[in-house]
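Trainee: the following block contains a protein sequence and its predicted model.
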Amino acid sequence: MDVRNVAVIGAGAMGAGIAQVAAAAGHEVSLVDAAPGAAAAAIDRLGGGLDRLVAKGRLTAEEAATVRRRLTPVGSVDELPECGLVIEAVPEDLALKRKIFADLGATQPAATILATNTSSIDVSAIAEAVIHPERVVGLHFFNPPQVMALVEVIHGEQSGAAVLEEAMSLMRAWGKTPVRCSSTPGFIVNRVARPFYGEAQRMVEAGVADPATIDWILRERGGFPMGPLELTDFIGQDVNLAVGTSVWEQTGRDERYAPTDFQRGLVEAGRLGRKSGEGVYTYAADGVLVGGEPDLTLAERLVGGPVETDPLARTLAMLVNEAADLVGRGEATAADVDIAMVLGTRYPRGPIEWGRAIGLAVVSRQIEELDRAFPGGRYRPSPALLDGTLG
């Protein structure tokens, strides 16, 4: 398959970043955006970023110029040359994506791989609008794509095996680490990560501990780069709530993914995190957190105690349980889940590996304790914890 020409639809930060990655990998790249002049402006910004890399000694001037020459703004989908791969990176709107893919299906050769960078929409639903839907896959990059190694390669119901293999090979050739997943709500990272945020919010709601203490425990005792509450402030409470709500809606409002009143309240009050100056925490004008001192005596008392009041054990048990469910349903392999969570979220260990280290039987008992303490379905144990699915 000839993938000399690549196109990216959408010239926002993600689309432009993907375009740069493709150009750096040796492809001629066409960048399209619906807003007049947006694609050209994005390429100019990328040029400035390449110049900064030259100044830091990470690229030669010739390498930067070569990458820049490979990037071409194009006015519309209809004006694209024949491509081996087209990646859509527009806002998360199914109708918009379906319109773009219908146009691509009608104008690009049948052998062209058509990929969506969606983080939350069913790939199969997007592919319904396309002639030859077997060529449609998800290529979910992580921000910024120039830096983040992980790409989730998502297969819809009609995605062809050969197309998926070609997509995996291309991502490796681009220097990325691809993992495969079916088109399940949230894919791997956004699904498995839900308990990391949700358990902390529920423990604050219940008065188990203050946010700073919970964050300290997850950072200092768990090895996570950021605590869950400070991380949602960094991401944006509104953004994190929207992703969680999308997974909840797509799973038929499964109680396991139900958004918390705690986070809804923050968003309704305009406390969106660092970007608004106030979220779970308060921030100075320069973005530095104000206060937020943990109660270390309380932290020492909680860790190692009952699982329902131990922020680390409770969070880990739910992460392992969620990952086990994904693997048990056959939506991703255990190895791919672990790789995805380490590369996509910087967890110190993959959840399946962590569960094996703790002991899958121990985790199963912890989940059963949580289910008894908080009945209703959120803490139902995954059958894959004990049925041999995880080895």
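Mentor: All right, it came through fine.

Trainee: elements contacting the lowest-mean-pLDDT helix or strand in the chain?
Mentor: Ranked by mean pLDDT, DSSP states H and E, the helix or strand of the chain with the weakest confidence is strand 289-290, at a mean of 90. Using 3 or more C-beta pairs under 8 Å, 6 or more residues apart in numbering; DSSP states H and E as the contact definition, the elements that strand 289-290 packs against are strand 282-283. Using the backbone N, CA and C atoms, a C-beta is placed for each residue, glycine as well.

Trainee: elements contacting the strand it packs on?
Mentor: For strand 282-283, where contacts count as 3+ C-beta pairs under 8 Å, 6+ apart, the packed elements are strand 289-290.

Trainee: which residues does the helix or strand following the strand it packs on contact?
Mentor: For strand 289-290, the following helix or strand on the C-terminal side (DSSP states H and E) is helix 296-302. By C-beta atoms under 8 Å, 6 or more residues apart in numbering, the list of residues contacting helix 296-302 from outside reads 208-209, 213, 216-217, 221, 309-311.

Trainee: flag the shaky bits of the protein, pLDDT-wise.
Mentor: Segments of the chain classed as low confidence (criterion: pLDDT under 70) are 1-2.

Trainee: redo that, cut-off 80
Mentor: The model of the chain has pLDDT under 80 over residues 1-2, 388, 391.

Trainee: residue boundaries of the strands in it?
Mentor: 5-9, 28-32, 71-74, 85-88, 113-116, 136-141, 150-155, 177-182, 282-283, 289-290 (DSSP state E).

Trainee: partners of the third one, with directions?
Mentor: If I follow you right, that is strand 71-74. Using DSSP bridges, the strands paired with strand 71-74 in its sheet are strand 28-32 (parallel).

Trainee: tell me the angle of the partner strand relative to strand 5-9?
Mentor: Direction vectors for strand 28-32 and strand 5-9, defined by axes from the mean of the first three to the mean of the last three C-alpha atoms, to 10 degrees, enclose an angle of 20 degrees.

Trainee: quick one on the thing from earlier: pull up the pairing partners for the least confident helix or strand of the chain, direction included.
Mentor: With DSSP bridges as the criterion, the sheet partners recorded for strand 289-290 are strand 282-283 (antiparallel).

Trainee: apart from its neighbours in sequence, what residue is nearest residue 287?
Mentor: When the adjacent residues along the chain are set aside, residue 287 lies closest to residue 274, with 5.7 Å between them (C-beta to C-beta, 6 or more residues apart in numbering).

Trainee: that neighbour and residue 196: what is the separation?
Mentor: When C-beta to C-beta, to the nearest Å is the yardstick, residue 274 and residue 196 sit 18 Å from each other.

Trainee: just the buried residues of stretch 214-223, please?
Mentor: For stretch 214-223, burial by neighbour count (16 or more other C-beta atoms under 10 Å) applies to 214-219, 221-222.

Trainee: what's the first-to-last distance across that stretch?
Mentor: Across stretch 214-223, the terminal residues are separated by 13 Å (C-alpha to C-alpha, to the nearest Å).

Trainee: could you do stretch 137-148 as well?
Mentor: The stretch stretch 137-148 measures 20 Å between its terminal residues, going by C-alpha to C-alpha.

Trainee: and it, which residues are buried?
Mentor: Judged by neighbour count using 16+ other C-beta under 10 Å, the buried positions of stretch 137-148 are 137-142, 145-146, 148.

Trainee: check stretch 167-177 too.
Mentor: Neighbour counts using 16+ other C-beta under 10 Å place 167-168, 170-171, 174, 176-177 of stretch 167-177 among the buried residues.

Trainee: re earlier: in JSON lines, list the buried residues of stretch 214-223 along with distance to residue 391.
Mentor: Putting these into JSON lines (distance: C-beta to C-beta, whole Å) gives the following:
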{"residue": "214", "distance to residue 391": "32"}
{"residue": "215", "distance to residue 391": "33"}
{"residue": "216", "distance to residue 391": "34"}
{"residue": "217", "distance to residue 391": "30"}
{"residue": "218", "distance to residue 391": "27"}
{"residue": "219", "distance to residue 391": "30"}
{"residue": "221", "distance to residue 391": "27"}
{"residue": "222", "distance to residue 391": "24"}
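
Trainee: ok, of the residues you listed, which one's closest to residue 66?
Mentor: Taking C-beta to C-beta as the measure, residue 219 is the one of the buried residues of stretch 214-223 closest to residue 66, at 41.8 Å.

Trainee: once you drop chain neighbours, what's closest to the closest one?
Mentor: residue 227 (5.1 Å).

Trainee: how far away is the nearest residue to residue 188 once chain neighbours are set aside from residue 191?
Mentor: Nearest in space to residue 188, with sequence neighbours left out and distances taken as C-beta to C-beta, 6+ apart, is residue 340 at 4.2 Å. Using C-beta to C-beta, we find residue 340 at a distance of 10 Å from residue 191.

Trainee: higher neighbour count, these two?
Mentor: In this comparison of residue 340 against residue 191, neighbours counted by other C-beta atoms under 10 Å, the higher total goes to residue 340 at 31 against 25.

Trainee: so what's the more buried one up against?
Mentor: Residues in contact with residue 340, defined by C-beta under 8 Å, 6+ apart, are 150, 152, 179, 181, 188-189, 192, 332, 350.

Trainee: let me have these in CSV, extended by distance to residue 290 and neighbour count.
Mentor: Converted to CSV, the contacts of residue 340 look like this (distance: C-beta to C-beta, whole Å; neighbours: other C-beta atoms under 10 Å):
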residue, distance to residue 290, neighbour count
150, 33, 22
152, 36, 24
179, 39, 27
181, 40, 24
188, 35, 28
189, 31, 21
192, 32, 30
332, 40, 25
350, 35, 23
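
Trainee: tell me which of the strands of the chain lies nearest to residue 355.
Mentor: strand 177-182 (18.0 Å).

Trainee: need the contacts of residue 340 in JSON lines with distance to residue 204, can you?
Mentor: Conversion of the contacts of residue 340 to JSON lines gives the following (distance: C-beta to C-beta, whole Å):
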{"residue": "150", "distance to residue 204": "29"}
{"residue": "152", "distance to residue 204": "30"}
{"residue": "179", "distance to residue 204": "32"}
{"residue": "181", "distance to residue 204": "31"}
{"residue": "188", "distance to residue 204": "27"}
{"residue": "189", "distance to residue 204": "23"}
{"residue": "192", "distance to residue 204": "21"}
{"residue": "332", "distance to residue 204": "31"}
{"residue": "350", "distance to residue 204": "26"}
